[in-house]
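*Asks:* Sequence and computational prediction follow.
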Amino acid sequence: MSVPVLDSYVESTERIQPNQANNYGNMHGGELVRLMDELAAVAAMTVAGVTCVTAHIGSVDFRHPIPVGNVATISACVYETGDSSLRIRVDVESRNPRDRESTPTTSACFTMVAVDGDGNSVDVPAVVAQTERGRQLVKTAPC
């Protein structure tokens, strides 16, 4: 059994509020990583069909700040699976909601593990890139 890579693709958009900001008026890095982690879990659970927990977060690259009032669009997809693990690429773009041009701001690779109700790891299906878009996501995914 396998799942198409594109079936795991999820996206979330959030307008950044003052309570999410640091002293410089930009989104707090810890808050952004929390949102990235949540979306990575959604992508993983879409493939696994069970609860998935964070096992590892690779290098988180903060390239540009996200100012309060901007919109952060977070996207995630599962690009590889193991026996019970799933690797997810998460990217963040920022834009002023009055503009259409966005700026890549942050990226990271997450490793999630699928678990049963007792917290034991369980097998997950493989992901396959069946379309050109899926193949491109897999090709560019590893951090």
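*Replies:* On my side now, so go ahead. Residues are numbered from 1 along each chain as shown.

*Asks:* tell me what the helix-or-strand element of the chain with minimal mean pLDDT is packed against?
*Replies:* Every helix and strand in the chain was compared by mean pLDDT, DSSP states H and E; the lowest is helix 132-140, with a mean of 88. The elements that helix 132-140 packs onto, with contact taken as 3 or more Cβ pairs under 8 Å, 6 or more residues apart in numbering; DSSP states H and E, are strand 71-81. (Glycine included, C-beta is placed from N, CA and C.)

*Asks:* Following element in sequence after the strand it packs on, please.
*Replies:* strand 85-95 (DSSP states H and E).

*Asks:* and that following strand, how far from the chain's centre?
*Replies:* Relative to the mean C-alpha coordinate of its chain, strand 85-95 is positioned 3 Å out (Cα atoms, centre = their mean, to the nearest Å).

*Asks:* If we go by neighbour counts, what in that strand is buried?
*Replies:* For strand 85-95, a neighbour-count test (16 or more other Cβ atoms under 10 Å) marks 85-95 as buried.

*Asks:* Could you pull out the buried residues of the least confident helix or strand of the chain?
*Replies:* 134, 137-138.

*Asks:* As JSON lines, these with distance to Met36 would be great.
*Replies:* Output for the buried residues of helix 132-140, formatted as JSON lines (distance: Cβ to Cβ, whole Å):
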{"residue": "Gly134", "distance to Met36": "21"}
{"residue": "Leu137", "distance to Met36": "16"}
{"residue": "Val138", "distance to Met36": "19"}
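
*Asks:* List just the nearest of these to Pro18.
*Replies:* Closest approach between the buried residues of helix 132-140 and Pro18, by Cβ to Cβ: Leu137, at 34.0 Å.

*Asks:* Could you pull up the residues touching the closest one?
*Replies:* Shown in contact with Leu137 (Cβ atoms under 8 Å, 6 or more residues apart in numbering): 5-6, 9, 77, 79, 89, 129.

*Asks:* Separate out the buried members of those.
*Replies:* Buried among the contacts of Leu137 by 16+ other Cβ under 10 Å: 5, 9, 77, 79, 89, 129.
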